[in-house]
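Chemist: fold the following.
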Amino acid sequence: MNIDENDILTGSPRSKFFDMLFNANKNLVTDAVEDWVERFAAMEYLLRCEFGDELEEKIQEAIYENQDAVEEGKNDFFIDRAGEILSRHE
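Modeler: Numbering: from 1, shown residues only. You can find the predicted model right below:
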């Protein structure tokens with residue numbers, strides 16, 4: 001497990017996401033994760049239709065060539081998904 005250097009101060013989007021995930025209502029989290037997996041599967045299906053057997057290579061290439069954008073996308077995911085679960089809790 002990677003230690004998030006921002007955790008020492010105020011916490012990063014990643015650490016806050018996991019704190020919320022581990023403390024939220026299990027049914028809400030389960031529903032949300034199932035939604036995310038469904039979306040991921042659909043996106044992977046579409047990409048596999050586009051790139052075929054080269055998909056994994058294309059993904060790794062995109063990660064390597066766009067590290068900052070990928071990191072920003074991860075943070076956006078953590079923030080958006082945490083907000084999604086919290087809004088379901090209200």
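
Chemist: for the residue most central in space within the chain, pull up the helix or strand it's in.
Modeler: A centroid search over the chain (CA atoms, centre = their mean) returns F77, at 4.6 Å, as the residue closest to the centre. For F77, the host element (DSSP states H and E) is helix 67-89.

Chemist: buried residues in that helix?
Modeler: Residues of helix 67-89 classed as buried by neighbour count (16 or more other CB atoms under 10 Å): F78, R81, A82, I85. Where you see a C-beta, it was placed from the backbone N, CA and C, and this is true even at glycine.

Chemist: my read: the third one touches F18, true?
Modeler: No. Between A82 and F18 no contact is recorded; they are 9.2 Å apart, counting by CB atoms under 8 Å.

Chemist: ok, the residue nearest to the centre of the chain to S15 distance?
Modeler: As for F77, its distance to S15 is 14 Å (criterion: CB to CB, to the nearest Å).

Chemist: try A24
Modeler: From A24 over to S15 (counting by CB to CB), the distance is 15 Å.

Chemist: so which elements touch the longest helix that the chain contains?
Modeler: Assignment by DSSP state H gives helix 26-51 as the longest helix of the chain. Applying 3 or more CB pairs under 8 Å, 6 or more residues apart in numbering; DSSP states H and E, we find helix 26-51 packed against helix 55-65, helix 67-89.

Chemist: centre of the chain to the longest one, how far?
Modeler: Centroid displacement of helix 67-89 relative to its chain, using CA atoms, centre = their mean, to the nearest Å, is 6 Å.

Chemist: circling back to that earlier point, so what angle separates the directions of the helix holding F77 and helix 26-51?
Modeler: 140 degrees (axes from the mean of the first three to the mean of the last three CA atoms, to 10 degrees).

Chemist: run through this protein and note the low-pLDDT ranges.
Modeler: In the predicted model, the chain carries pLDDT under 70 at residues 1-9, 89-90.

Chemist: make it 80
Modeler: For the chain, applying pLDDT under 80 flags the ranges 1-10, 89-90.
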